[in-house]
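Novice: build me a structure from this.
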Amino acid sequence: MGSLIDLNLYPDSPLTDAAATAFLTLNVPKLEPKEEPFDEPPNFHTNFTNPNFDSAPNTQPDASKPVEQDVNGNDVYSEFNRISELFNAAFSGKTEKYDETEAIDPDSRAIVPVPEEEIQHSAVVDSSRRRNHQRSGELVRVTNLGLEDERYFRHVVRKTRMIYDSLRVFVSMEDEKRRNNHHVFGRNRNARGDLKSASVMKDRGLWLNRDKRIVGAIPGVYVGDIFFFRMEICVVGMHGLPQAGIDYLTSSQSSNGDPIATSIIVSGGYEDDQDAGDVIIYTGQGGQDKYSRQADHQRLEGGNLAMERSMHYGIEVRVVRGFRYEGSPSGKVYVYDGLYKVVGSWLETGKSGFGVIKFKLVRMENQPEMGSVVLKYAENLRNGPLESRPGGYVCMDMSMKKEKMPVFLFNDIDNNHEPMFYEYLPTSKVVFALERNGGEFAYDQNGLLVRGKPLIFECGPHCSCPPNCRNRVSQNGIKNRFEVFRSKETGWGVRSLDLIQAGSFICEYTGVILTREQAQLFSINGDNLIYPNRFGERWAEWGDLSQIFSDYVRPSSPSVPPLDFALDVSRMRNVACYLSHSSCPNVLVQLVLYDHSNFAFPHLMMFAMENIPPMRELSLDYGEADEWTGKLSICN
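Specialist: Predicted coordinates for the structure are as follows:
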């Protein structure tokens, strides 16, 4: 485990001379900091029924190796309770009471790391603390995490986000049922699934990083991670306030009375903001009217004072950028762009003639590329791939227009053009009698998978519903622009030029279907075969709300016989064949039937398990990890 650094006590210090001169000369009435709006106007309804749905490029650790700990929802809180105990034990001889909190001797003026040998694992969960909604005032910085620690925290964050996304889709489906049953019409009738799911998870004690106020990087959250809702940022502990742009430890919680800023959201809400990527000129809080125009002077208080104090102490802040994005369920996306240092602050007259406080932030070195830069780069590739990246393209559509969206083939490593040697197969070749789909929709109105099941039925070719029926999601082809690319580290891989939302359909895993007897003959000839029965059952993780509903039961119907067939991809295949293997994948396999009724030969449809940023490699759990190495996605 890495080290913890105590940041609860800072030296008592007045404002810097320059800051004091600038801020104290402006005598204006106190203003409440203006809070930024929610993604949409809130509309709360919290009636949950039928939890079982019966009627209803980065410097990240290698995820191909499994996490050795037994990770569940309670481990999130075990880990931070463990951190708390270690912290108190390490400094028990130097603490004294300070304003109802335990603090290091204020005369020490020291930031002290916890010795490595004192860090031990604990699986004890204090259930009383899980229900405590109050954020801790204890500042810590997590450093020197090992590879296994990184994998552990990443697993925790991904699982928490999966619960949030699954619950949000569930809330939307429940609200749709309610409206249909009661014939509710009119404006503002939709439930705020993002707010409801966050509220329920908070009640269940599933929010992360509430027991400690983390300064710096959040373990398990990577630079470039994408969020569609501000409440989701709160759930993972990146930014604790759902509206305010500056998150900070208040002076009443601080052990020396100085507020400390921990994160900001840069969303262009202030007319005097300037964003150059690595350098940000950030406008302080306050003084805006309801039209986001500066209407009064700002004061050095609240979040503004916290930013100045973070500059004084050299404390880094997390920066999340928010901007409008077409196709987002909220109309916006928020991307974590890393750590910045506040290097300057001053008071000046803004564009509207009022005094505004400015902060200059500079991005710290040796971090992965900013996610916002990658998003812009992917947009340029979508609009003009050859202009943005003149060299390296082998083919601008390896599907030869068999897919609704082109599939690029890119290789700037060597002259290997292997994917062009295969006939592109958009759907697996097999024909059986049709059986109509029964039961409820497996997808919400936006085409997102509600929860994984052993088998999903979609409307077939003889169904009277229109082609745009919401129960035809996986058979309508791909909707994202994919790129098969060549890498020195992993060989062939797949990435998207579009942002993929969690629960979205990606593509089918195709090939020529062979029975067991046929597969045995073809394998003798050395043909490349895929065995679907080896795929990990990741479908069960999507929509798993067992930590929300105590009576949740994993879906077991319809019962599907063991998959006893193989896919021959020796001559015909599609983009899915180039997905990497990972024991921590971002894509799952869901079995689907729509054009025949034989349970033994379902379609292998792939869905996103998390929000996947553009240019991030897609990965799949091919199962039997001990038999797979790196990019080995095809067996002989």
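Novice: where in this protein is pLDDT low?
Specialist: Across the chain, the ranges flagged by pLDDT under 70 are 1-133, 182-191, 269-273, 429-440, 524-527, 624-636.
Novice: where do the helices sit along it?
Specialist: Secondary structure of the chain, counting by DSSP state H: helices at 17-24, 73-90, 127-130, 147-182, 193-203, 230-235, 302-313, 371-383, 385-388, 516-524.
Novice: which one of the ones you listed lies nearest to residue 347?
Specialist: Within these, the stretch nearest residue 347 is helix 17-24; the backing value is 4.5 Å (C-beta to C-beta). C-beta: built from backbone N, CA, C; applies to glycine.
Novice: ok, back up a step: now tabulate the helices of the chain in TSV and tack on distance to residue 411 and mean neighbour count.
Specialist: Output for the helices of the chain, formatted as TSV (distance: least, C-beta to C-beta, whole Å; neighbours: other C-beta atoms under 10 Å):
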stretch	distance to residue 411	mean neighbour count
helix 17-24	54	14
helix 73-90	41	19
helix 127-130	50	12
helix 147-182	29	20
helix 193-203	40	22
helix 230-235	36	24
helix 302-313	45	23
helix 371-383	15	18
helix 385-388	14	13
helix 516-524	28	13
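Novice: which one of these lies nearest to residue 294?
Specialist: helix 302-313 (13.9 Å).
Novice: name the nearest residue to residue 219, sequence neighbours excluded.
Specialist: residue 153 (3.7 Å; C-beta to C-beta, 6 or more residues apart in numbering).
Novice: so which of the helices of the chain gets nearest residue 353?
Specialist: helix 17-24 (17.7 Å).
Novice: touching, residue 364 and residue 316? I think so.
Specialist: Yes: counting by C-beta atoms under 8 Å, residue 364 touches residue 316, with 6.3 Å between them.
Novice: and the nearest residue to residue 456 once chain neighbours are set aside, what is it in contact with?
Specialist: Leaving out its chain neighbours, the residue that sits closest to residue 456 by C-beta to C-beta, 6+ apart is residue 442, at 4.5 Å. In this structure, residue 442 makes contact with 449-450, 453, 456-458, 471, 473, judged by C-beta atoms under 8 Å, 6 or more residues apart in numbering.
Novice: take those and keep only those in strands.
Specialist: Among the contacts of residue 442, the residues falling in strands (DSSP state E) are 456-457.
Novice: next, count neighbours for residue 241.
Specialist: The number of residues packed near residue 241 is 18, by other C-beta atoms under 10 Å.
Novice: please begin residue numbering at 3 from this point
Specialist: Happy to do that; since the first residue is 3 now, the last one works out to residue 243.
Novice: that older thread, any idea how far the residue nearest to residue 458 lies from residue 452?
Specialist: 6 Å (C-beta to C-beta, to the nearest Å).
Novice: ok, residue 489 next?
Specialist: 34 Å.
Novice: now do residue 585
Specialist: With C-beta to C-beta as the criterion, residue 585 and residue 452 are 25 Å apart.
Novice: wait, the residue nearest to residue 221 touches residue 216, no?
Specialist: No: Residue 155 is beyond contact range of residue 216, at 11.0 Å (criterion: C-beta under 8 Å).
Novice: picking that back up, counting neighbours, go ahead and name the busier of residue 366 and residue 318.
Specialist: residue 318 (21 against 13).
Novice: how about that one: what's its closest non-neighbour residue?
Specialist: The shortest distance from residue 318 to any non-neighbouring residue, by C-beta to C-beta, 6+ apart, is to residue 341 (4.4 Å).
Novice: contact partners for that neighbour?
Specialist: Contacts of residue 341 (C-beta under 8 Å, 6+ apart): 218-219, 318-321, 365-366, 369.
Novice: give me the buried entries from these.
Specialist: For those, a burial check counting by 16 or more other C-beta atoms under 10 Å picks out 218-219, 318-321, 365.
Novice: closest to residue 516 out of these?
Specialist: Residue 516 lies nearest to residue 219 out of these, by C-beta to C-beta, at 48.1 Å.
Novice: ok, now which ones touch the closest one?
Specialist: 144, 320, 341.
Novice: got the domain ranges for the protein?
Specialist: 5-371, 377-629 (automatic domain parsing).
Novice: what are the buried residues along the lengthiest strand in the chain?
Specialist: Under DSSP E, the strand in the chain containing the largest number of residues is strand 334-351. For strand 334-351, the buried set under the neighbour-count rule, 16+ other C-beta under 10 Å, comprises 334-344, 347, 349.
Novice: and for stretch 485-494?
Specialist: 485-488, 493-494.
Novice: can you check stretch 395-406 too?
Specialist: Buried residues in stretch 395-406 (16+ other C-beta under 10 Å): 396-397, 400-401, 405.
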